[in-house]
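> Structure, please.
(one chain, ligands or ions: 2)
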Amino acid sequence: MKQIARMAIPAVLVAAAVAQPAFAQRKVTVTVQNIAPPTSVGVAPLNVGFSGGTFDAFDQGGPAAMPIVTAAELGSGTDWLSAFAAADPAAVLGTVGGAPMPPGEVASATFTVDPATNPFFSFAAMVVPSNDSFIGNDDPHAYRLFDAAGNLLISSITQTAGDIWDAGSELFNPANAAYIAGADATLRDPENGTVSRSFADFSKFNGLTTAPGYSFNSGLSAETPFYRITFSAAAVPEPATWAMMMLGFGLIGAVVRKDTRFAGAATA
Ligand SMILES: [Ca+2]
Ligand SMILES: [Ca+2]
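Ligands and ions are numbered 1, 2, ... in the order given. The predicted structure follows:
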């Protein structure tokens, strides 16, 4: 009976430490999957931002600015990430994956995010083969990832072919397209258009050989899901919580040592 009472005190302390609402930060793992048909589109590394929702990368019906032009024409996140950081210095930014992902591939990355400061999720990636096709959120408030208590509100975002944008910045030309074997994506014919939803160009690449070597066949309709972004989040205990837990564990250790001595004395 005495033994149970001694063990109960530190157990309560540990429970109190774990229950403390001190988990401000979240470790968010972002997993991206190319779920397109096997000979269909690839997707460039996904540029991501966790933010306060102040950076608006583009507007449907408006001309694409440089952050979207370089993402959509070259699959580069450099301009998108630097413009994002300038607009929202507290944003957590990064890139998931290191190369264009053919159908079937998966990549993931983990970010440490304060859900109160950066509750919104933004993304941008080129879809290939193309001259200027991309996925991304027009509205910076489109994807609220965390509620006020820091709970994850969205488990995944699925993009269908109907979600793909044409940046309106470069004209269709397979010789200048990314992901087409032998093409030079750094060459471009200016389109001087505006950002619009369109996946019509993809079927024009049918029969051409892609950079990874498969013969391209779009096989896309507006409802075809081709890309999925999945989120999982874990709490990051704050130093105060760790201190409480250590105190709890320390007391357990002290009690266990005490019990061992007692047991030793009893059997001697
Ligand atoms: Ca916008
Ligand atoms: Ca275009």
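> Which one of the residues in the stretch 151-268 of the chain is closest to ligand 2?
Residue nearest to ligand 2 within the stretch 151-268 of the chain (Cβ to the ion): Asp166, separated by 4.5 Å. Backbone N, C-alpha and C define where each C-beta goes, glycine included.
> For that residue, name its beta-bridge partners.
As for beta bridges, Asp166 partners with Ser133, Ser196 under DSSP bridges.
> residue contacts, the residue of the stretch 1-150 of the chain found nearest ligand 2?
In the stretch 1-150 of the chain, the residue that lies nearest ligand 2 is Asp132 (4.3 Å; Cβ to the ion). Shown in contact with Asp132 (Cβ atoms under 8 Å, 6 or more residues apart in numbering): Ala64, Val69, Ala72, Glu73, Asp166, Ala167, Gly168, Ser169, Glu170, Glu191.
> Is it possible to get JSON lines of these that adds neighbour count and secondary structure?
Output for the contacts of Asp132, formatted as JSON lines (neighbours: other Cβ atoms under 10 Å; DSSP: H, G, I helix; E, B strand; the rest coil):
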{"residue": "Ala64", "neighbour count": "26", "secondary structure": "coil"}
{"residue": "Val69", "neighbour count": "22", "secondary structure": "helix"}
{"residue": "Ala72", "neighbour count": "32", "secondary structure": "helix"}
{"residue": "Glu73", "neighbour count": "24", "secondary structure": "helix"}
{"residue": "Asp166", "neighbour count": "25", "secondary structure": "strand"}
{"residue": "Ala167", "neighbour count": "28", "secondary structure": "coil"}
{"residue": "Gly168", "neighbour count": "22", "secondary structure": "coil"}
{"residue": "Ser169", "neighbour count": "23", "secondary structure": "coil"}
{"residue": "Glu170", "neighbour count": "26", "secondary structure": "strand"}
{"residue": "Glu191", "neighbour count": "17", "secondary structure": "coil"}
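> In a markdown table: those, plus distance to Ala125 and pLDDT.
As requested, the contacts of Asp132 are exported to a markdown table (distance: Cβ to Cβ, whole Å; pLDDT from 0 to 100):
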| residue | distance to Ala125 | pLDDT |
| --- | --- | --- |
| Ala64 | 14 | 98 |
| Val69 | 14 | 98 |
| Ala72 | 9 | 98 |
| Glu73 | 12 | 98 |
| Asp166 | 14 | 98 |
| Ala167 | 12 | 98 |
| Gly168 | 17 | 98 |
| Ser169 | 16 | 98 |
| Glu170 | 16 | 98 |
| Glu191 | 20 | 98 |
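> of these, closest to ligand 1?
Of all those, Ala64 has the smallest distance to ligand 1: 10.9 Å, by Cβ to the ion.
> who's the residue nearest in space to the middle of the chain bridged to?
Using Cα atoms, centre = their mean, the residue of the chain that lies closest to the mean C-alpha position is Val30, 3.9 Å off. Beta bridges link Val30 to Ala109, Phe231, judged by DSSP bridges.
> just the one 4 residues further on next, same as before
Asn34 has the following beta-bridge partners by DSSP bridges: Tyr227.
> from memory it sits against Glu105, does it?
Yes: using Cβ atoms under 8 Å, Asn34 is in contact with Glu105, at 5.2 Å.
> neighbour count winner among those two?
Between Asn34 and Glu105, counted using other Cβ atoms under 10 Å, Asn34 has the larger neighbour count: 21 against 16.
> and the gap between the more buried one and Phe231?
With distances taken as Cβ to Cβ, to the nearest Å, Asn34 is found 17 Å from Phe231.
> Let me know the secondary structure of Gly49.
Applying DSSP: H, G, I helix; E, B strand; the rest coil to Gly49 yields a three-state assignment of strand.
> Give me the nearest residue to it, chain neighbours excluded.
Take Gly49 and drop its neighbours on the chain: the residue closest to it by Cβ to Cβ, 6 or more residues apart in numbering is Ser122, 4.3 Å away.
> which ones are touching Thr95?
By Cβ under 8 Å, 6+ apart, the residues touching Thr95 are Pro45, Leu46, Asn47, Val48, Gly77, Leu81, Ala109.
> what does Ala85 give?
By Cβ under 8 Å, 6+ apart, Ala85 lies in contact with Ala91, Leu93.
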